[in-house]
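J.: Here is my input; please provide its structure:
(chains A and B)
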Amino acid sequence: MKFAYFPGCKISFYMKDYGISFEALMENLGVNLVRLPFNCCGYPARSKNFEVSILSSIKNYALARKYNLDIITPCKCCFGQFKHSTYWYGQNKELKKKIDDILARENLFWDGNTQIKHLLSFLHNDFGIHEIEKRIQKKLPAKKIAVQYGCHALRPFSITGFDNPYAPKIFEELLAVTGVKTVEWSKSTECCGNPIFDGNPKLSLKITQNKIKTAGDDGADYICTACTHCQMQYEMIQYQKQLNNHTPTTVLFTQILGAALGINKNKLSTTGRLPLFPC
Amino acid sequence: MFKGALYISLIISVSGVIFQLHRFRKDGQFFNRSKNENHIKSFFHIREFLLNTFLQTKLFKAGKIRWGFHFLLFLSFLYLVIVHALHDVTSSVLFKSYDPTVDPYQFLRNLTGLMVLTGCVAFLFRRRFNIRSLQDKSIKHKGVFSIILILLLVCSGFLLESSKIISEPVFMEMVEEYSDLDEETGLSDLKLFWKDNYNVVFTENIKTTSNGLEKGRLLNEEYCLSCHSNIKSAFISNTLAKTISNAGNILNQYRIDTKFYVIHYMLCLSLLICLPFSRLFHVLLIPFASSRQNLTLDSFLENKAFINIASLYACTNCGYCSRVCSVYPNFQITGNQDVLPHWKIESVKTMMQNPGAANWWRLHAGNDECTMCRHCTDICPSGIDLQSLWSVLDKKLVTMGYTNNTRFILDTSLKEWAKKEEIYTGLIPGDALSSNLADRTEAFENCIQCSICTNVCPIVDYDSNQNDITPQQVMNLLRLGKKHLATGTRMVWTCLTCYSCQEHCPKEIRVADILLELRNAGSNRADMIQQRPIGLINR
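T.: Below is the predicted model:
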């Protein structure tokens, strides 16, 4: 299998751990990642300029189309933006024409034949849970994990087609094969608070703190994310040390699965330390 | 006279460097560093410094062909400066056999000259033909001056050498100095030999005889050969000499070689003087810039960033940063050049030196788009810590009152916003495309005010003491034809875009999409109200 790897803007500087663990995971599963000169997915521009946000992802699609590749991303906001853009590109004729003209100036075109995959839905639907199960090297300690689904992949279902938006299950199913236990968390599908961090940091962090608190109340040791922005948001709180010792901390899905697949720690984390394994 | 001119140029050059450093310091005060920032450890990356100074590794990563030309030019120019220009203090001391007219030095001088020439021409060619739309005229012409100066210097060098080759007076001077030959002891034979083999042009007509040639050859071996290799190794100057030999007599009569010497020498000195004032300064600034990368994840999260002003002037306007810029599509739609790093860095310089001339809103709008992906910083061949600059700039613009629209609208009460409605309604630019929901009645008329959207909205829950209206009330405002009022509501601007409302709506209204569209429209209106020059941006 071969994919164009879309890391998104934040991975190269903020979230190096997510980047390297994702790449190590894909390498372990035999998925070939191709790096293309992508630009931003357009998600940050979504609340400022509609045209910019749609053009950004369509341009990425066109670039991947040139190499006949589908795109895979570990970020749910990028994934959502790609899906969103696909929808509006098809809906709005005027917009389509404007974008096509801009693409043509750079010898690009897009015929709609490029798929965007998110890490989770790819593993669950395309790669197959049984395939992953076969490759599991060691069962992880049965820590209790709450999963953060991430809004932009989950909703609106009519556009993203990720999983059942009211009762999603793919994240839990994927984690179950590693040996960890997932907990029922009432706020599993609620927003992490990151989208308004720039405009209203106070409110944004209030939401996140409340989420962490409820996860702790529901018995979780860790909150697992599979989205760059969710992870950044939880790490921001941890960084500001606004937590006491009993609240759950955040862990990346790629690191959990990677560890279960027996990938070397140093390939999963820049510091060589994984949250789940203090040793 | 030459010595005096040299010392004067040296003094000008050195004081120029000092002047520039002083200016960097003054520019730095513009960002008036807080104590906090000064605490950031400044690292000296010795490895980066060495690699990027002598091998230009960052340029190699960015573009192989350009690196090839640049490296050849760099090596050749370095050779010429050290071995040729400074030969009094370097090569004559280091190499015992050194003489400018002896191989390999004669050959190498021509070869390196040619390589510098190729590099210069390649640079000019690229500037002329191979520049993408992202290069503006004023940037396109930067650095051309110093390249032309180098070009002229090398050309004058070749002309000097070829005019010396054909020169009879120079030949006679040499004969007087290094031999005791006169007409009777075979000077004419030597002339004959030199005319044939070294392309000297003589006024008198010398008859070619095989006997004379043979004698000349022997005399040449005796007196000249130890200092004069075969002239063919000076492959450029020799060809040039053959070309101008027809006019040789006139040129010799006017001692054109001495004129070229003065020109060559003066060009050399002007290059020295220009060093701190032109693009040439990058040879000193890039090593400095590449040894310093201050932004780390920790310092960034602690909201500290720090820039070295001098490193900003290491920018050579190569444009690689803008090619990899993540938000390039924004430039394609809005036409705001300040989105692009290579342009933004120029605007920052303008801002520091001449704050009145800077277009602050445009710069703010451009910098606000930056996603901090670090692509520009990673590729910058000069090793400038661009991402530090963007985050420092962001803070600076905020302290000067240039905030983004979210802040502005959240600080404006709905009452004030509504008052401004009448004044600015007609000014909203209508050509920007949108998802086109808020203006179409069928997109929201089905709302039955069931308030499910409100019940599932996290913002209504978390922001209950400050939030003004709920999503379902926004739909109602639209039905009342109050779209512009709705664009300024807190609900629209604190929406998490989590799409819970839209997913749960029993009437399948695109609630979140409508809120986003209203935010886009509100952003435009806020631009108008603050009289931002968005007319400039929208093309």
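J.: just checking, what packs against the helix or strand hosting A:Ile71?
T.: Element membership for A:Ile71 (DSSP states H and E) is strand A:70-73. Helices and strands touching strand A:70-73, by 3 or more CB pairs under 8 Å, 6 or more residues apart in numbering or on different chains; DSSP states H and E, are strand A:2-5, helix A:50-66, helix A:76-91, strand A:116-118. Bear in mind the C-beta positions are built from the backbone N, C-alpha and C, glycine included.
J.: Run me through the strand neighbours of that strand, direction for each.
T.: Strand pairing for strand A:70-73, using DSSP bridges, gives strand A:2-5 (parallel), strand A:116-118 (parallel).
J.: Dump the ones you listed into JSON lines; add mean neighbour count, mean pLDDT and distance to B:Gly356 as well.
T.: Shown next, in JSON lines, are the strands paired with strand A:70-73 (neighbours: other CB atoms under 10 Å in any protein chain shown; pLDDT from 0 to 100; distance: least, CB to CB, whole Å):
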{"stretch": "strand A:2-5", "mean neighbour count": "19", "mean pLDDT": "96", "distance to B:Gly356": "46"}
{"stretch": "strand A:116-118", "mean neighbour count": "24", "mean pLDDT": "96", "distance to B:Gly356": "47"}
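J.: I'd like those as JSON lines, with distance to A:Asn125 appended.
T.: Below are these laid out as JSON lines (distance: least, CB to CB, whole Å):
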{"stretch": "strand A:2-5", "distance to A:Asn125": "14"}
{"stretch": "strand A:116-118", "distance to A:Asn125": "9"}
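J.: Out of these, which gets nearest to B:Tyr98?
T.: Nearest to B:Tyr98 among the strands paired with strand A:70-73 is strand A:2-5; the distance by CB to CB comes to 56.0 Å.
J.: Need the residues that contact the closest one.
T.: Contact with strand A:2-5 is made by A:23, A:26, A:31-36, A:38, A:63-64, A:67, A:69-73, A:117, as judged by CB atoms under 8 Å, 6 or more residues apart in numbering or on different chains.
J.: Pull the strand holding A:Ile71 out as CSV, backbone CA atoms only.
T.: The C-alpha coordinates for strand A:70-73 follow below in CSV (Å, rounded to 0.1, in the frame of the first residue of the first chain):
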residue,chain,number,x,y,z
ASP,A,70,-4.5,8.8,-2.1
ILE,A,71,-3.8,10.9,1.0
ILE,A,72,-3.5,9.7,4.5
THR,A,73,-3.3,12.0,7.5
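J.: residues touching the residue in the stretch 151-300 of chain B that chain A sits nearest to, list them.
T.: Using CB to the nearest CB, the single residue of the stretch 151-300 of chain B nearest to chain A is B:Leu297, 6.7 Å away. With contact taken as CB under 8 Å, 6+ apart, B:Leu297 is in contact with A:13-14, A:16.
J.: 7 Å instead?
T.: A:13-14 (CB atoms under 7 Å, 6 or more residues apart in numbering or on different chains).
J.: counting contacts, what elements does the helix or strand containing B:Glu346 pack onto?
T.: Secondary structure from DSSP H and E places B:Glu346 in helix B:341-353. Secondary-structure packing of helix B:341-353 (3 or more CB pairs under 7 Å, 6 or more residues apart in numbering or on different chains; DSSP states H and E): helix B:309-312, helix B:320-324, helix B:360-368, helix B:386-399.
J.: run the last query once more with 10 Å
T.: On a contact count with 3 or more CB pairs under 10 Å, 6 or more residues apart in numbering or on different chains; DSSP states H and E, helix B:341-353 meets helix B:2-29, helix B:137-140, helix B:309-312, helix B:320-324, helix B:360-368, helix B:375-379, helix B:386-399.
J.: would a markdown table of these with mean pLDDT and mean neighbour count be doable?
T.: As requested, the helices and strands packed on helix B:341-353 are exported to a markdown table (pLDDT from 0 to 100; neighbours: other CB atoms under 10 Å in any protein chain shown):
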| stretch | mean pLDDT | mean neighbour count |
| --- | --- | --- |
| helix B:2-29 | 89 | 13 |
| helix B:137-140 | 67 | 12 |
| helix B:309-312 | 86 | 22 |
| helix B:320-324 | 90 | 22 |
| helix B:360-368 | 89 | 21 |
| helix B:375-379 | 93 | 22 |
| helix B:386-399 | 89 | 20 |
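J.: Fine, thanks again, bye for now.
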